[in-house]
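Colleague: let's see this in three dimensions:
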Amino acid sequence: MIGIQPVGTSSRARRQWVKRIQWGVLLVLMVLIYGSHAPLLTLTKVDGQVPFNPSSCVLMIELAKLSVSLATLVLTGGTAALRAPPPLVLVAPYAVPAILYALNNNLIVLMQAYMDPSSYQILSNLKIASTALLYSVCLGKRLRAAQWFALGLLMGAGVCHSYSSLEIGDLEGADAEEGPRLHVTAWGIFLVLVYCFVSGLAAVYTERVLKSQKLPLSLQNLYLYVFGVAINGLSSLSSVASEKSFLEGYSGAVWVIIAGQAANGLLMSVVLKHGSGITRLFVISCSMLVNALLSWATLGLRLTPLFLLPVSMIGLAAYLYYI
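Modeller: This next block holds a predicted model:
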């Protein structure tokens, strides 16, 4: 006897597969954009220096995200929400992520005075732990023991990847008879802990705001990036007098960076709205591997056998977390 599958069940299964494919494409695209950022940035350098004003580049990224959000809102017929000023209580929460991300950008610069870049690269992996803890405490998400272990593996993979890059740099430094490169002060450790906490808080808070308000994502992004443009605009204006002019040094590669980072920010809001901040951690970790492979292919980075260890750890972490 031939069984006939109900039409409703078949269409539901088809929708689930389409949704999985869409999520897969979105996550792969984000990993590729994240992973290509550093190699592209290196390709823009002239005599070892970035030829453009970094604060103006960040502002252009925020403006691009704001423009796309506004265009999406218009195309989807959501402009009715803009005909009257929105209540302050509705909009004010979106200022917090912009402030937190601006604080983190300044902390990254400040930390360089109290530790070397390699130590920062290794210690910054602590933000995986801080994000997971805040995700569990602030959003009330209970993680299984296997999931906590998976996140520990993810953090370990970041440390291993950073160490594999550090090992090469140290060997080159030793050949050049340079002094010791590693140094971290007590103030540096405090700043990196603050940085990791703020990074986790920004991601968790943004996820909470996006999910708690029943508004179209394009409108939420509009509120989010209005504050982003305002804060980064002030930062850009304060630095333009002492540094390069606003669009000085912009090349094709710089515009590709701006377009990529703007797209990544918009895609990340989809992940936080419909997924979770933990997915963001896996995207960032996987992008480290893409970064290394692109640097090997385009910049001549020498990969060591140790590179296979973080690859395996990230794969195992993803399996343990999502089974």
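
Colleague: I'd assumed Y135 was in contact with K141.
Modeller: Yes - K141 lies in contact with Y135 (C-beta atoms under 8 Å); the separation is 5.7 Å. Every residue, glycine included, has its C-beta placed from N, CA and C.

Colleague: what touches both of those two?
Modeller: Jointly contacting K141 and Y135 under the rule C-beta atoms under 8 Å, 6 or more residues apart in numbering are S276.

Colleague: would you point out which residue is most central in this structure?
Modeller: Nearest to the mean C-alpha position of the chain, by C-alpha atoms, centre = their mean, lies I284 at 6.2 Å.

Colleague: how close does that one get to Y120?
Modeller: Per C-beta to C-beta, to the nearest Å, I284 is found 15 Å from Y120.

Colleague: my guess is G140 is in a strand, correct?
Modeller: No - remark: G140 does not belong to a strand; assigned using DSSP: H, G, I helix; E, B strand; the rest coil, it is coil.

Colleague: so who does it touch?
Modeller: G140 is in contact with no residue at all, counting by C-beta under 8 Å, 6+ apart.

Colleague: circling back to that earlier point, K141 and Y135: who's more crowded?
Modeller: Y135 (23 against 14; other C-beta atoms under 10 Å).

Colleague: how about the contacts made by the more buried one?
Modeller: By C-beta under 8 Å, 6+ apart, the residues touching Y135 are K141, G200, V204, S276, G277, I278.

Colleague: wait, a helix at it?
Modeller: Yes - the assignment for Y135 is a helix, going by three-state DSSP.

Colleague: how many residues are close by L289?
Modeller: As a burial measure, L289 scores 18 neighbours (other C-beta under 10 Å).

Colleague: tell me how far L316 lies from F149.
Modeller: The gap separating L316 from F149 is 9 Å, by C-beta to C-beta.

Colleague: what residues are shared contacts of those two?
Modeller: The overlap between the contact sets of L316 and F149 (C-beta under 8 Å, 6+ apart) is empty.

Colleague: quick one: low-confidence residue ranges for the protein.
Modeller: In the predicted model, the chain carries pLDDT under 70 at residues 1-9, 117-118, 164-183, 238-244.

Colleague: not counting sequence-adjacent ones, nearest residue to P216?
Modeller: Spatial nearest neighbour of P216, chain neighbours left out: G78 (5.2 Å); criterion: C-beta to C-beta, 6 or more residues apart in numbering.

Colleague: now do the helices in the stretch 201-323 of the chain.
Modeller: 217-240, 252-274, 277-299, 308-322 (DSSP state H, counting those that start in this stretch).

Colleague: which one of the ones you listed lies nearest to M111?
Modeller: Among those, helix 217-240 comes nearest to M111, with 17.4 Å by C-beta to C-beta.

Colleague: any buried residues in the closest one, and which?
Modeller: By neighbour count, with 16 or more other C-beta atoms under 10 Å as the criterion, the buried positions of helix 217-240 are 217-229, 231-233, 235-236.

Colleague: other SSEs contacting that helix?
Modeller: On a contact count with 3 or more C-beta pairs under 8 Å, 6 or more residues apart in numbering; DSSP states H and E, helix 217-240 meets helix 54-75, helix 95-111, helix 186-212, helix 252-274.

Colleague: save these as JSON lines, and put in distance to V290 and mean neighbour count too.
Modeller: As requested, these are exported to JSON lines (distance: least, C-beta to C-beta, whole Å; neighbours: other C-beta atoms under 10 Å):
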{"stretch": "helix 54-75", "distance to V290": "20", "mean neighbour count": "19"}
{"stretch": "helix 95-111", "distance to V290": "21", "mean neighbour count": "17"}
{"stretch": "helix 186-212", "distance to V290": "20", "mean neighbour count": "19"}
{"stretch": "helix 252-274", "distance to V290": "13", "mean neighbour count": "18"}
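
Colleague: among the ones you listed, which is nearest R12?
Modeller: Nearest of those to R12, taken as C-beta to C-beta: helix 252-274 at 18.0 Å.

Colleague: the residue nearest to P216 contacts L219, correct?
Modeller: Yes - with contacts counted by C-beta under 8 Å, G78 reaches L219, the gap being 5.9 Å.

Colleague: give the contact list for the closest residue to K211 other than its chain neighbours.
Modeller: Excluding its sequence neighbours, the residue lying closest to K211 (C-beta to C-beta, 6+ apart) is K273, at 6.5 Å. By C-beta under 8 Å, 6+ apart, the contact list for K273 reads E207, L210, K211, L217, Q220.

Colleague: can you name the two of the residues you listed that are farthest apart?
Modeller: For the contacts of K273, the farthest-apart pair by C-beta to C-beta is E207 and L217; their separation is 12.4 Å.

Colleague: neighbours of the closest residue to L224 other than its chain neighbours, how many?
Modeller: Distances taken as C-beta to C-beta, 6+ apart place Y94 nearest to L224, at 4.8 Å, with adjacent residues excluded. Y94 has 21 neighbouring residues, counting by other C-beta under 10 Å.

Colleague: distance-wise, check Y94 relative to C138.
Modeller: 17 Å.

Colleague: biggest helix in the protein by residues?
Modeller: helix 7-44 (DSSP state H).

Colleague: with that, I have no additional questions.
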